[in-house]
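**Q** Sequence below, structure please.
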Amino acid sequence: MEKPGEENQRKVIALAGKGGTGKTTLTAIMAKLLAQKGCHLLAVDADPPISLTYALGAEPKNTLGELRKRLIEDPREKREIGDRHIREVIRQEAVIHLGGVDLLILGQAEGPGCFCGVNELLKFGIESLAQQYDITLIDCEAGIEQINRRVISRLDTLLLVSDATLKGLRTAVYLRDIAEKHGVEKEYRVGLVLNRVPGGAADLQEQAQALGLDLLGLIPTDDRVAEFDRLGRPTVLLPEDSPSVLAVRDLLTRLDLPAGSRT
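**A** Numbering: from 1, shown residues only. So this is what the prediction gives:
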């Protein structure tokens, strides 16, 4: 049974942005560092290409999309579920345990076209499971649709990940405005993370400030990340002294989250 005030200590953090900005890499590094500090952590791979799953060194054995398809198409599945709460069904059938990280995977839609059905299951899964974890990290699909459609109904921090360009900053402003207008009703923090920043970035910091963006992190260009991506190695295996890992540790500190210690 939860103690009074315990729910308020639980954090839900979503990473969003246009495709190709590296939000999955950042989510995986955040998960790595938080797990090292002993956080009871749920990572949610809410992007259909399931990139976060591979970044965490896992295989997509169980997904919400597959669970929903089985429940719809196989009467035996419904009978076997019996009186179990759907929350427990999701926990037992669609959550992968990776040592220090539990992983919930959206997966593919049940057919061509709309993701509405599986997104509704994702919404319920996040709402019900997040209550049982210290921190929930959500790697959203490209864009802001899952925020806009309120697939994520509770949020403490939205991190908008951008490349180190003025165009990227303007896209972040656009996504922020949509999220604030159509997203979660409860107040939450919206911050910017610039990824793959080459060298100094004083001009970008000034531009972000001028656009009213709360710049929370600068992640430098990291040859090790590029190498891992090229070789298909899981992001969580990046060494502790990797520039991106050090920068994400600083980001977690700014978010008042356990950040680990520098080596």
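**Q** Mind listing what's buried along stretch 166-186?
**A** Gly168, Leu169, Thr171, Ala172, Val173, Leu175, Arg176, Ala179, Gly183, Val184 (16 or more other Cβ atoms under 10 Å). (C-beta placed from N, C-alpha, C; glycine too.)
**Q** Just give the closest residue to the third one, not the sequence neighbours.
**A** Right, Thr171. The shortest distance from Thr171 to any non-neighbouring residue, by Cβ to Cβ, 6 or more residues apart in numbering, is to Lys18 (5.5 Å).
**Q** again with the last one
**A** Using Cβ to Cβ, 6+ apart and skipping residues adjacent in sequence, the residue nearest Val184 is Leu155, 4.6 Å away.
**Q** pLDDT wise, what is the one you found at?
**A** Note on Leu155: pLDDT of 86.
**Q** Lys186 is in contact with that one, correct?
**A** Yes - assessed by Cβ atoms under 8 Å, Leu155 is found in contact with Lys186 at 7.4 Å.
**Q** hmm, back to that, any idea which of the buried residues of stretch 166-186 is the one closest to Ala210?
**A** Leu169 (9.2 Å; Cβ to Cβ).
**Q** OK, contacts around the closest one?
**A** Ser162, Leu192, Leu204, Gln207, Ala208, Leu211, Leu213 (Cβ atoms under 8 Å, 6 or more residues apart in numbering).
**Q** Moving C-terminal from the host helix or strand of Arg76, which element do we reach first?
**A** Using DSSP states H and E, Arg76 sits within helix 75-81. Using DSSP H and E, the helix or strand that directly follows helix 75-81 along the chain is helix 86-94.
**Q** Do a quick rundown of the strands in the stretch 101-250 of the chain.
**A** For the stretch 101-250 of the chain, the strands defined by DSSP state E, counting those that start in this stretch occupy 101-105, 135-139, 157-163, 189-197, 215-220.
**Q** Of these, flag the one that's most buried.
**A** Scoring the strands of the stretch 101-250 of the chain by mean neighbour count under mean count of other Cβ atoms under 10 Å gives strand 135-139 as the most buried, with a mean of 27.
**Q** Which elements pack onto that one?
**A** strand 11-16, helix 23-36, strand 41-45, helix 116-129 (3 or more Cβ pairs under 8 Å, 6 or more residues apart in numbering; DSSP states H and E).
**Q** quick one: contacts of that strand?
**A** By Cβ under 8 Å, 6+ apart, strand 135-139 touches 10-15, 23-24, 27, 30-31, 34, 39-47, 51-52, 126, 129-130, 152, 257.
**Q** Next, the angle strand 215-220 makes with the longest helix along the chain.
**A** Across the chain, the helix with the greatest residue count (assigned by DSSP state H) is helix 166-182. Interaxial angle, helix 166-182 versus strand 215-220 (axes from the mean of the first three to the mean of the last three Cα atoms, to 10 degrees): 140 degrees.
**Q** just to revisit the earlier point, the strands of the stretch 101-250 of the chain into a markdown table, with extra columns for distance to Glu66?
**A** Formatted as a markdown table, the strands of the stretch 101-250 of the chain follow (distance: least, Cβ to Cβ, whole Å):
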| stretch | distance to Glu66 |
| --- | --- |
| strand 101-105 | 9 |
| strand 135-139 | 19 |
| strand 157-163 | 28 |
| strand 189-197 | 31 |
| strand 215-220 | 33 |
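**Q** just to revisit the earlier point, out of the contacts of Leu169, which one has the lowest pLDDT?
**A** With pLDDT as the yardstick, Leu204 is the minimum among those, at 89.
**Q** That residue contacts Leu194, doesn't it?
**A** Yes - using Cβ under 8 Å, Leu204 makes contact with Leu194 at a distance of 6.2 Å.
**Q** Can you check which residues contact both of those two?
**A** Common neighbours of Leu204 and Leu194 (Cβ under 8 Å, 6+ apart) are Ala164.
**Q** so Gly38 sits in a helix?
**A** No - if the criterion is DSSP: H, G, I helix; E, B strand; the rest coil, then Gly38 is coil and not within a helix.
**Q** Cheers, nothing more for now.
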